[in-house]
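> Build me a structure from this.
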Amino acid sequence: MLKSHLAKSEEEALARAKEIGYPVVIKIVSPDIVHKVDVGGVKLDIEDARELQLQYRQILANVKAARPDAAIWGVLVQEFIRGGKETIIGLKHDPHFGPLLMFGLGGIYVEALRDVTFRMAPIRELGAYRMIQQIRSYKILEGFRGEPPADIDAIAECLERLSQLAMDFQEILELDINPLMVFEKGRGARVVDARILI
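Numbers count the residues shown, from 1 in each chain. Here you go, the predicted model:
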């Protein structure tokens, strides 16, 4: 997980950013807003306190204009990372089949491309690797046109852990980690954003 803190005021956001260290990202936190980017609720690569103040105010104005009815719990202040490939992992509890795991390329394009694979939980190591290898865009993860290969072992480990979580906690109806940023082979993966429905 990336370092992150919920801030309920501008002053608290400034204090949390100083604690984490710049650059940071800020994101609106609301139970009524799932797609934060669509309402102008995300600001990336904030370099200093002055920029944070401006972007904090801008996010609140954007969200109030787009969704005046939304309950706003605050703003998430999170460390900013560069590089990596965006992937998505998730699970959904199907009433007939039980927990279904999902993997694909992530970020804002997951809904447009729909390049994902599914498996019923539980899975083991081989099942995790097969999930990864069966997306159409697997070549991007292998290293394409001179890019280094992504840390596929880290993705497989995350999928196995998600599978175990699904088996241990039947109360989880849905869980999306989008994006799971995957770095070069040997450098691991980091959760940037997650959503859980109980």
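> Now A15: closest residue in space that isn't a chain neighbour?
A7 (7.8 Å; C-beta to C-beta, 6 or more residues apart in numbering). Backbone N, C-alpha and C define where each C-beta goes, glycine included.
> what about the nearest residue to D45 once chain neighbours are set aside, neighbour count?
What sits nearest to D45 in space, not counting adjacent residues and going by C-beta to C-beta, 6+ apart, is P23, at 5.1 Å. The tally of other residues near P23 (other C-beta atoms under 10 Å) stands at 17.
> quick one, what contacts P23?
45-47, 79-80 (C-beta atoms under 8 Å, 6 or more residues apart in numbering).
> so which of the residues you listed is the most crowded?
Busiest of those [other C-beta under 10 Å] is I46, holding 22 neighbours.
> Specify the beta-bridge partners of that one.
Beta-bridge pairing for I46 (DSSP bridges): V24.
> any idea which helix or strand comes after the helix or strand bottoming out on mean pLDDT in the chain?
Every helix and strand of the chain was ranked by mean pLDDT, DSSP states H and E. The lowest is helix 110-113, at a mean of 68. Counting by DSSP states H and E, the element after helix 110-113 in chain order, helix or strand, is strand 116-120.
> Heading C-terminal from that next one, find the next helix or strand.
From strand 116-120, the next helix or strand downstream (DSSP H and E) is helix 125-133.
> Which neighbouring elements make contact with the following helix or strand past that next one?
If you walk from helix 125-133 toward the C-terminus, the next helix or strand you reach (DSSP H and E) is helix 138-142. The helices and strands touching helix 138-142, judged by 3 or more C-beta pairs under 8 Å, 6 or more residues apart in numbering; DSSP states H and E, are strand 85-94, helix 152-168.
> which sections of this structure are below the confidence cut-off?
Counting by pLDDT under 70, the chain contains low-confidence ranges at 107-112.
> per-domain residue ranges of it.
4-79, 85-197 (automatic domain parsing).
> Can you give me the end-to-end span of the shortest one?
Put plainly, it is domain 4-79. Criterion C-alpha to C-alpha, to the nearest Å; first-to-last residue distance in domain 4-79 is 6 Å.
> before we move on, back to that, nearest to D176, out of the helices and strands packed on helix 138-142?
Each of these was scored for nearness to D176 using C-beta to C-beta, and the closest is strand 85-94 (4.2 Å).
> Thank you kindly, that will do.
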